[in-house]
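**Q** Okay, structure incoming, though there's no sequence with it:
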């Protein structure tokens, strides 16, 4: 893999890592608010955070598959086999 491809992969990897951390954080905040939030807002806030988490998860999976395909395509360049 050449230098520009490595840099591109690093940016793709960092982007995916940040997205995954955001998904985990949003879900965790939703669960915490389910137990300690104001009573009248517990269920709606949990449902909203769950929906946000699901939407972001589908987007993450799509980007992950694209990045994996890109890496499979560009990862073998420069190998001596």
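**A** Thanks, I have the structure now. Just so we're clear, the structure is a prediction, and the values are computed from it rather than from any experiment.

**Q** just for this protein, where's the confidence low?
**A** Low-confidence segments of the chain (pLDDT under 70): 77-81.

**Q** switch to 80 and redo it
**A** Along the chain, the model assigns pLDDT under 80 to residues 1-2, 75-81.

**Q** in it, which spans are helices?
**A** All helices of the chain, identified by DSSP state H, fall at 3-36, 42-74.

**Q** possible to save those as JSON lines with mean neighbour count?
**A** Quick note: C-beta positions are derived from backbone N, CA and C, even for glycine. Shown next, in JSON lines, are the helices of the chain (neighbours: other CB atoms under 10 Å):
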{"stretch": "helix 3-36", "mean neighbour count": "13"}
{"stretch": "helix 42-74", "mean neighbour count": "13"}
